[in-house]
Every structure is written in structure tokens, then in C-alpha cells.
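Trainee: got a predicted model here, sequence first, then my questions.
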Amino acid sequence: MNRKVRTIALAAASAVVVVGGIVFAQGALAASGADGFASLNGGTTGGSGGSTVTVTSLSALTKQAKSSTKLIVKVRGSFTCSSDVVVASNKTIVGVGSGSGLTGCGLSLKKGTKNVIIQNMKIAKVKSGNGNGDAVHIDGATNVWVDHNDLSSDKNSGKDYYDGLCDITHAADYITVSWNKFHDHYKGTLVGHSDSNTSEDTGHLRVTYHHNYFYNINSRTPSLRFGKGHVYNNYFVNGSTGVHSRMGAQMLVQNNVFVNVSTPVQTNVDSDQDGYVNLSGNDFGSGTNKISKTGSFTSPGYSYSLTAISSVKSTVTAGAGTGKI
């Protein structure tokens, strides 16, 4: 099946408890497991199997997201904030409807955090000085699935006013970024923060990007150092630089569609050493690639199905973003 839109299965609750205005429903919501790199290393199931809690305030979200308990946290409403919401291990953070999420701050996953799913969240306008400055910040965490979210800012305030939409750093590993809408932003998604972080990052930073809609993103869709990046079936519209393989990186880029992207794929610029890339089945539109090195990464080690290049636009625009699961 070409279109692999992940769903959230609703099951009958075996018990319901109300505490302080928060509804806990044991077993009420179970998220399906992740695909891509997040399916390896034991897989990524988030809070599946734990209790479900619905939060309707920033304070409640902050409390439940960082708790040590396995939880599915349903976010109902849009909250304005200026400091990161920290997400602990064994959590699913899932927005309700199409407009629930955060404005002004993002979700932060710190070193040692494992097994997290972030779904259906609308996160916007996280200033560089607010927490880590990213809509989703994955710093040293493993087995993370970022799926069906809407991440954005604006391009009216300069490229450094906001930082990244989904940045993955400090040896984070086994990550899948799928079916998200990234839009109206300068620096999209950075994997590996520095050329000088060789010793920590080498052998890690394995990330899958598939079926994402990158619209009006200037660059870094993604930009990757040291790790392995599998980028397939994404739809890119309006940008300067698309996929960027940098210092020590190996990337496999398949069946993507680029429209009005000046440099769809490049392996040089902005690092001490060029990265490596393998290409197959892509439509680069009118763009011109800048590729200096062909890589050895040809198989990611998990099963996947490629959407036909003729169907990428319709499939991604129909399925990516919030309100689709």
C-alpha cells in the first residue's frame, strides 16, 4: 500500500479516573508503532499500554509530559508559552483535532529520553531565545517518532529570529519524522549541530524523513552531519536548499518531488568536509543539484514502500499535517 498514513486506534477504556480536572482512562488510546529508523532498536510505541490523560492547560501538559509514568497525553487546546515543555521517556504527546498545540515554545527531549511519539501537534513561532528555540528539540534521545504535526513560524523576522522546526542533536538516534507539514520558516530541520562533534555523533543520528510537506522552507530539509538519513517520498515547494548531506553524513534520497527549490540536493558548502548521497527516482523540477560525493548507504535496514513519484504530491498534500489521524 503506497499511502501509509498512521492512525491512532481508539479502544474501550477499562477504567476512568478524574483527578484535579484531568481525565485518566486506562488503555483508552493506543498509538500504532513507528516505521523507519524509529522501528529499530526495539521499536517506538510511546505511551501505548499506559494510562491516557487529557490536558487542557499548559501547566497540566508540563506536569504530565515530564512525569516518570508511561502515558498517552492528549492535548486539547492551544497554549502560549515561552519555555520548553520537557517530554520524558515512554510518552505519546498527541493533539486533539487540528489546532491543538503550542505557540512560542516547543517540546524538548533531553539526553537519555527514550520511546516518545509526538503526533498531531500544531507548534508555531518559537523564538530563538525561548528554551532551545525549536518547535521540536531532540537532544540525545533515542527512538522518537515525530508524525503528523504542523510546525511553522514566519519569514518576516530574519533567519535567526527563530531557530529550527525539528532539530536532532548530540547522538540522538533511531528517529522517524513522517507526514508533517513544515512551512514558512528559514532553517527547517538540522541533524547534527556541529562539525566538531565527531566523537559523540559518529555511529548515531540515524533518521528517516518520509511523506513530509516542506512548504516555503529556505533550507535544511534536512541538513545532516555524521549520521545516516533516509529521505523518501517528501514534497518540497519553494526553497533555496533542500536535502543537504554534510560532514560525515551518508544519505539515501528516493522518490521525492521538488518544486521551485534552487538546489534540491547538495553535498558541499558549510562543512569542513563534504557529505555523501545516493539518489533514485526523484523529480528535481527546475533545480540544480550540487553533488560532489556518491555514498555507500543504499539500504536502511528496515522494510518500506515507495509511493510512485506521480502520486507524491497528491498523497503528501492530502495526508501530511494535523487533523489527518
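Mentor: Structure received.

Trainee: just the pLDDT at residue 6, thanks.
Mentor: What the model reports for residue 6 is a pLDDT of 40.

Trainee: same check, this time on residue 40
Mentor: Note for residue 40: predicted pLDDT of 98.

Trainee: show me where the stretch 1-150 of the chain has helices.
Mentor: Applying DSSP state H, counting those that start in this stretch to the stretch 1-150 of the chain gives helices spanning 58-65.

Trainee: do the stretch 151-300 of the chain as well
Mentor: When secondary structure is read from DSSP H, counting those that start in this stretch, the stretch 151-300 of the chain shows helices at 198-201.

Trainee: give me the buried positions along stretch 196-207.
Mentor: Under the neighbour-count criterion of 16 or more other CB atoms under 10 Å, stretch 196-207 has 197, 200, 201, 204, 205, 206, 207 buried. C-beta coordinates here come from the backbone N, C-alpha and C atoms, glycine included.

Trainee: got it, and stretch 72-81?
Mentor: Within stretch 72-81, the residues that count as buried by 16+ other CB under 10 Å are 72, 73, 74, 75, 77, 78, 79, 81.

Trainee: now tabulate these in a markdown table and tack on distance to residue 216.
Mentor: Output for those, formatted as a markdown table (distance: CB to CB, whole Å):
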| residue | distance to residue 216 |
| --- | --- |
| 72 | 32 |
| 73 | 30 |
| 74 | 30 |
| 75 | 26 |
| 77 | 27 |
| 78 | 21 |
| 79 | 25 |
| 81 | 24 |
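
Trainee: helix or strand for residue 314, which one?
Mentor: Residue 314 is located in helix 312-319, with elements delineated by DSSP states H and E.

Trainee: now for that helix, which elements pack on it?
Mentor: Here helix 312-319 touches strand 235-245, going by 3 or more CB pairs under 8 Å, 6 or more residues apart in numbering; DSSP states H and E.

Trainee: quick check: mean pLDDT of the strand it packs on?
Mentor: Here the average pLDDT along strand 235-245 is 98.

Trainee: again, but for stretch 282-297
Mentor: 97.

Trainee: buried residues in it?
Mentor: Residues of stretch 282-297 classed as buried: 282, 283, 284, 287, 289, 290, 291, 295, 297 (neighbour count, 16+ other CB under 10 Å).

Trainee: just to revisit the earlier point, now what about the helix holding residue 314, what contacts it?
Mentor: With contacts defined as CB atoms under 8 Å, 6 or more residues apart in numbering, helix 312-319 is touched by 2-3, 5, 179, 211-213, 233-235, 255-257, 283, 307, 324.

Trainee: and the furthest pair within these?
Mentor: Using CB to CB, the contacts of helix 312-319 span at most 23.4 Å, a distance reached by 283 and 324.

Trainee: pLDDT on stretch 177-196, on average?
Mentor: The average pLDDT within stretch 177-196 is 98.

Trainee: what do you get for stretch 72-90?
Mentor: Mean per-residue pLDDT for stretch 72-90: 98.

Trainee: before we move on, back to that, of the buried residues of stretch 282-297, closest to residue 51?
Mentor: Using CB to CB, these come closest to residue 51 at residue 297, 40.0 Å.

Trainee: list the residues that contact the closest one.
Mentor: Taking CB under 8 Å, 6+ apart, we find residue 297 in contact with 228, 250, 251, 252, 276, 278.

Trainee: next one: the second one from residue 319, what distance?
Mentor: With distances defined as CB to CB, to the nearest Å, the gap from residue 250 to residue 319 amounts to 28 Å.

Trainee: coming back round to it: could I have the ChimeraX command that selects the buried members from the contacts of helix 312-319?
Mentor: The buried residues among the contacts of helix 312-319 can be selected in ChimeraX (16+ other CB under 10 Å) with this line:
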select :5,179,211,212,213,233,234,235,255,256,257,283,307,324
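
Trainee: now, the contacts of helix 312-319 that are in strands?
Mentor: Judged by DSSP state E, those include 213, 235, 257 as members of strands.

Trainee: export these to JSON lines and tack on distance to residue 137?
Mentor: Converted to JSON lines, the ones in strands among the contacts of helix 312-319 look like this (distance: CB to CB, whole Å):
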{"residue": "213", "distance to residue 137": "21"}
{"residue": "235", "distance to residue 137": "24"}
{"residue": "257", "distance to residue 137": "28"}
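
Trainee: so where's this protein uncertain?
Mentor: 1-32 (pLDDT under 70).

Trainee: hmm, try it at 50
Mentor: Scanning the chain for pLDDT under 50 picks out the ranges 1-31.

Trainee: how about the residue lying closest to residue 170 once chain neighbours are set aside, what does it touch?
Mentor: Among residues not flanking residue 170 along the chain, residue 140 sits closest, at 4.3 Å (CB to CB, 6 or more residues apart in numbering). By CB under 8 Å, 6+ apart, the residues touching residue 140 are 110, 111, 112, 113, 169, 170, 171, 172.
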